[in-house]
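S.K.: Any chance you can model this:
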Amino acid sequence: MKDLWQKFLRFYHKYSYANVLWIGIIYPLWFKSIESRVTVATGYHIMHTKIDEMIPFCEYFIVPYFMWFLYILLGILYFLFTNKEDFYKVCLYLFIGMIFSLLICEIYPNGTDLRPPYISDKNIFQVMVAGLYRVDTPTNVFPSIHAYNSICMHVAIMKSRDIRKLPYGKSVVWGSFLLCLLICMATLVLKQHSILDVGGAILLSFIAYGFVYGYPSFRLWEYLEKKYPSLMQEEG
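M.R.: Sure, this is the predicted structure:
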């Protein structure tokens, strides 16, 4: 028992930086609070466009939609156990957008009216969609956290040197891109989100990217300064 306790203490000490994950508790508590206050009775802004009406409903996309949970969890765990710096960056990237999304919903209560009025039980996928609709209200949808977190995780995977060094690193990056794309599509074809919500997630992820990784334009200027120092000094 003593040896087991000592192993636990060594493990905890080695990965004590995982404590930042406690910040993640803020999101579900805050989100639940907003959900209880933003209802049909209180009213909210409808996120709806003509493009949304052109997107067909497809229950099979419930699979990548639910794979989002595994995608984010495994991604965080991978960075936790392999690279402290990458772990901090992906957590910061995720938390910035999640907190800002809650602030947006507080200031601008929103929701959708895109869900089909009736879901049959002809297959397991439609049963899963019906279950999703029961536990998740069509409110507080802008921006889409499903889309935002997927983009953040793919960016973190794409920028990870450790992953690129793996024997199948390129396959992992491309697989991540495909899953990220399918999850974003799933939010639309399952009628969970408007294209405005996904667009908002893309914009928010770009803004947050600058705080975590620095904008590409800044990196380009640094590259030019290193490549052509004399030219940059003359222009300066």
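
S.K.: any idea how far the residue nearest to Gly111 when sequence neighbours are not counted is from Asn110?
M.R.: Nearest residue to Gly111, sequence neighbours excluded (Cβ to Cβ, 6 or more residues apart in numbering): Thr139, at 3.8 Å. (Each C-beta comes from the backbone N, C-alpha and C, glycine too.) According to Cβ to Cβ, to the nearest Å, Thr139 and Asn110 sit 7 Å apart.

S.K.: Leu196 too?
M.R.: Counting by Cβ to Cβ, the gap from Leu196 to Asn110 is 9 Å.

S.K.: circling back: overlap in contacts, Thr139 and Asn110.
M.R.: Common contact partners of Thr139 and Asn110 (Cβ atoms under 8 Å, 6 or more residues apart in numbering): Tyr44.

S.K.: Who has more neighbours out of the two?
M.R.: Counted by other Cβ atoms under 10 Å, Thr139 and Asn110 do not tie: Asn110 has more neighbours, with 22 against 19.

S.K.: Could you pull out the helices in this protein for me?
M.R.: 2-14, 26-37, 50-54, 62-82, 84-107, 124-135, 145-159, 161-165, 169-189, 195-212, 216-227, 229-235 (DSSP state H).

S.K.: Spit out the contact partners of the residue nearest to Cys58 when sequence neighbours are not counted.
M.R.: Here the nearest residue to Cys58 in space, its sequence neighbours aside, is Val189; by Cβ to Cβ, 6+ apart that works out to 4.4 Å. Val189 makes contact with Ile55, Pro56, Phe57, Cys58, Phe61, according to Cβ under 8 Å, 6+ apart.

S.K.: Equivalent analysis for Ile51, please.
M.R.: Contacts here follow Cβ under 8 Å, 6+ apart; on that basis Ile51 touches Ile195.

S.K.: ditto for Leu179
M.R.: So Leu179 contacts Pro64, Met67, Tyr71, Ser150, His154 (Cβ under 8 Å, 6+ apart).

S.K.: at 10 Å what do you get?
M.R.: By Cβ atoms under 10 Å, 6 or more residues apart in numbering, Leu179 lies in contact with Pro64, Met67, Trp68, Leu70, Tyr71, Ser150, Met153, His154, Ile157.

S.K.: how about those residues in TSV, adding distance to Tyr168 and neighbour count?
M.R.: Formatted as TSV, those follow (distance: Cβ to Cβ, whole Å; neighbours: other Cβ atoms under 10 Å):
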residue	distance to Tyr168	neighbour count
Pro64	21	22
Met67	19	15
Trp68	22	22
Leu70	19	10
Tyr71	17	21
Ser150	21	28
Met153	18	26
His154	16	23
Ile157	13	25
